[in-house]
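Novice: Any chance you could fold what I've pasted below:
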Amino acid sequence: MTTDADVIVVGGGLAGLVATAELVDAGKSVILLDQEPAASLGGQAFWSFGGLFLVNSPEQRRMGIRDSHELAWQDWLGTAGFDRLDDEDVWARRWAEAYVDFAAGEKRSWLKEQGIGIFPLVNWAERGGYDATGPGNSVPRFHLTWGTGPGLIAPFIRRVRASNAVDLRFRHRVDTVLTEDGTVTGVSGSILAPGDTNRGEPSNRDVVGDFTLRAQAVIVTAGGIGGNQDLVRQNWPKRLGAPPKSMLTGVPAHVDGRMIGISESAGARVVNRDRMWHYTEGITNWDPIWPGHGIRVLPGPSSLWLDATGKRLPVPLFPGFDTLGTLEHIARSGHDHTWFVLTQKIIEKEFALSGSEQNPDLTGKDVRLLLQRVRAGAPGPVEAFKRNGVDFVVADALPDLVAGMNKLTDSPLLDAGDIERQVMARDREMANPFTKDLQITALRGARAYRGDRLIRVASPHRLLDPGAGPLIAVKLHILTRKTLGGLQTDLSARVLGADGTPVPGLYAAGEVAGFGGGGMHGYRSLEGTFLGGCLFSGRTAGRAAASAVG
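Specialist: Numbering: from 1, shown residues only. Model (predicted):
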């Protein structure tokens, strides 16, 4: 068979870039296809906060964190909840184990070899709040890339663009994975019209031609379904209740899930379709880039979290503790939104916004700007949302705050007297170093960690303390984001068919493969594991395909 390249990579996101870089290092020729314009090279990783899951890292040890492979694996298993080990989870669990080995082993040194730096303060995401074997991180493990998402993808973009062995073809949309006698031989599809869209903006789907390309192997790295709300609702798990009628979208529109179905038509097996990772702290972007653009608040633990009717969320559904548990609670409430009630003192310390564009200090590697995080006042992007965001209410008095909250819903659902009762009850618990309120216990415990005390958790105080004001309420929405299931792959990233054997010539990496094995996260994520999953699975796929082709 005459081929156009040794390997075709479908998708120019982080996993595709890493796979391509590995193939080039192995001396292979690559055609890298992407349906978007060149401005979007790097995919949705560009927009990320750059969080990476590392175990027993130098950064952790400097912060006094005692982590270990054993503790991380205990946390992963308790979080994932693998329960399909005889079928859909068999390879997912093996990938999870391999990934934790990587995160506790060579990952840190490999990142350094790529020229990727790590911010010295380690953050604590998904804190859990259950017992030792339940979901959540026992210790802080969320390491920020110095340069956030753009800093993470930059080394791989440089390597791919600098190689004469790579043929980059944008505006090439794959419609079919070609097979002959059960073996994948290439791809065919449509050439889309050029466009002047900026990164992340929706591009046209006007077809101006077609193409057919042949190779010894095809690696699919085309992402998940988070930008396709129809597909999100179609796959919504019954265990979480009815899908929300209204959601924000946390990824660009081109994250449409097309290649999952196209690969399935070529013989690939799709598993764990009902596993997704959507955030519960989404806010409407006042300066949107794509349709329905939402931003996630990465909260500290102090805000009072109320449901749509003003009832406090149950223990341990505190801000930043259990995303999936909170999502299930909200989905079964009959409403699509919740509320944070907080103070200016809390927002200054505890509100971080996910996304490279929302963190100009870290993204731009600007130390002077970064120092503002430890000074009085909220970061500039947070203040901009407080001033301009449609989901923010600011008031000096609680009755005025509640009145403003009620104006943001179709009908008034909140009773000012009931919310005042809950706020005052919470504030009374602040009078002593002892408390029966487990959220207050948790936030005091969080401040025992130096990183939280320095930049993430406000000193405990009464919400009605005039010196901490004004009062702030934030309307929170469900925000679509990650696909946890996908194409089932073995530990060489070879895509498996319905009979459990590899589909010859077909590989997959990144979100389209559930970040490895068709769902290495199980039901939940420990956070910092999505970008890392793209790195690990992309590296694995590139190396495996390079070894397999002549």
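Novice: Counting by contacts, list what the helix ranked longest in the chain packs against.
Specialist: As assigned by DSSP state H, the longest helix anywhere in the chain is helix 530-548. Helices and strands touching helix 530-548, by 3 or more Cβ pairs under 8 Å, 6 or more residues apart in numbering; DSSP states H and E, are helix 14-25, strand 51-53, helix 90-104, helix 107-113, strand 207-220, strand 502-508. Just so you know, the C-beta spots here come from the backbone N, C-alpha and C atoms, and that holds for glycine as well.
Novice: And those: which comes nearest residue 361?
Specialist: Of all the helices and strands packed on helix 530-548, it is strand 51-53 that lies closest to residue 361, at 15.6 Å by Cβ to Cβ.
Novice: Let me know the average pLDDT across the closest one.
Specialist: When pLDDT is averaged over strand 51-53, the result is 98.
Novice: C-terminal to that strand, what's the next element?
Specialist: helix 58-62 (DSSP states H and E).
Novice: Please compute how far that next one lies from its chain's middle.
Specialist: The chain centroid and the centroid of helix 58-62 are separated by 24 Å under Cα atoms, centre = their mean, to the nearest Å.
Novice: got the contact list for it?
Specialist: Applying Cβ atoms under 8 Å, 6 or more residues apart in numbering, the contact partners of helix 58-62 are 54, 67, 108, 118-122, 139-141, 143.
Novice: Can you show me the helices along the stretch 401-550 of the chain?
Specialist: 416-428, 438-446, 450-455, 530-548 (DSSP state H, counting those that start in this stretch).
Novice: To residue 209, which of those lies closest?
Specialist: Ranking the helices of the stretch 401-550 of the chain by proximity to residue 209 (Cβ to Cβ) places helix 530-548 first, at 27.4 Å.
Novice: That closest one: which residues count as buried?
Specialist: 530-546, 548 (16 or more other Cβ atoms under 10 Å).
Novice: The lowest-mean-pLDDT helix or strand in the chain: which residues count as buried?
Specialist: Ranked by mean pLDDT, DSSP states H and E, the weakest helix or strand in the chain is helix 367-370, scoring a mean of 86. Neighbour counts over helix 367-370 (16+ other Cβ under 10 Å) mark 369-370 as buried.
Novice: Can you spell out which helices and strands pack onto the next helix or strand after that helix?
Specialist: With elements assigned by DSSP H and E, the helix or strand that comes after helix 367-370 is helix 380-388. Here helix 380-388 touches strand 352-353, strand 392-395, going by 3+ Cβ pairs under 8 Å, 6+ apart.
Novice: related to what we said a few turns ago, now mean neighbour count too, for the helices and strands packed on helix 530-548, in a markdown table please.
Specialist: Conversion of these to a markdown table gives the following (neighbours: other Cβ atoms under 10 Å):
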| stretch | mean neighbour count |
| --- | --- |
| helix 14-25 | 29 |
| strand 51-53 | 26 |
| helix 90-104 | 22 |
| helix 107-113 | 15 |
| strand 207-220 | 20 |
| strand 502-508 | 25 |
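Novice: Adding distance to residue 383, write these out as JSON lines.
Specialist: Output for those, formatted as JSON lines (distance: least, Cβ to Cβ, whole Å):
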{"stretch": "helix 14-25", "distance to residue 383": "31"}
{"stretch": "strand 51-53", "distance to residue 383": "23"}
{"stretch": "helix 90-104", "distance to residue 383": "35"}
{"stretch": "helix 107-113", "distance to residue 383": "32"}
{"stretch": "strand 207-220", "distance to residue 383": "42"}
{"stretch": "strand 502-508", "distance to residue 383": "42"}
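Novice: Pretty sure residue 381 sits against residue 363.
Specialist: No - the criterion here is Cβ atoms under 8 Å, and residue 381 misses it with residue 363 at 10.7 Å.
Novice: Of these two, which one has the most company?
Specialist: Between residue 381 and residue 363, counted using other Cβ atoms under 10 Å, residue 363 has the larger neighbour count: 22 against 19.
Novice: sorry, back to before: nearest to residue 85, out of the helices of the stretch 401-550 of the chain?
Specialist: For the helices of the stretch 401-550 of the chain, the distance to residue 85 is smallest for helix 530-548, at 19.7 Å, taking Cβ to Cβ.
Novice: Please could you give me each C-alpha atom of the closest one, formatted as CSV?
Specialist: What follows is helix 530-548 as a C-alpha-only set of coordinates in CSV (Å, rounded to 0.1, in the frame of the first residue of the first chain):
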residue,chain,number,x,y,z
PHE,A,530,-6.7,15.8,32.5
LEU,A,531,-3.7,17.6,31.0
GLY,A,532,-1.5,15.0,32.6
GLY,A,533,-3.6,12.3,31.0
CYS,A,534,-3.2,13.9,27.6
LEU,A,535,0.6,14.1,28.1
PHE,A,536,0.8,10.5,29.3
SER,A,537,-1.5,8.9,26.7
GLY,A,538,-0.2,11.0,23.9
ARG,A,539,3.4,10.0,24.7
THR,A,540,2.3,6.3,25.0
ALA,A,541,0.4,6.4,21.6
GLY,A,542,3.3,8.1,19.8
ARG,A,543,5.9,5.7,21.1
ALA,A,544,3.7,2.6,20.4
ALA,A,545,2.8,3.7,16.9
ALA,A,546,6.4,4.5,16.1
SER,A,547,7.5,1.0,17.2
ALA,A,548,4.7,-0.6,15.1
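Novice: Mind listing residues that contact stretch 323-337?
Specialist: For stretch 323-337, contacts defined as Cβ under 8 Å, 6+ apart pick out 126, 135, 239-247, 277-280, 307-309, 313-314, 316-317, 338, 409, 413, 475-478, 523-525.
Novice: Now residue 328: phi and psi?
Specialist: Main-chain dihedrals, residue 328, degrees, to the nearest 10: phi -60, psi -40.
Novice: Burial check on it, number of neighbours?
Specialist: When neighbours are defined as other Cβ under 10 Å, residue 328 has 17 of them.
Novice: Same check on residue 27?
Specialist: Neighbours of residue 27 under the rule other Cβ under 10 Å: 9.
Novice: Number the residues from 773 up from this point.
Specialist: Sure, I'll start counting at 773 from here, so that last one is residue 799.
Novice: give the contact list for it.
Specialist: Residue 799 is in contact with 937, 1318, counting by Cβ under 8 Å, 6+ apart.
Novice: Now with 10 Å, please.
Specialist: Contacts for residue 799 (Cβ atoms under 10 Å, 6 or more residues apart in numbering) come out as 778, 937, 1318.
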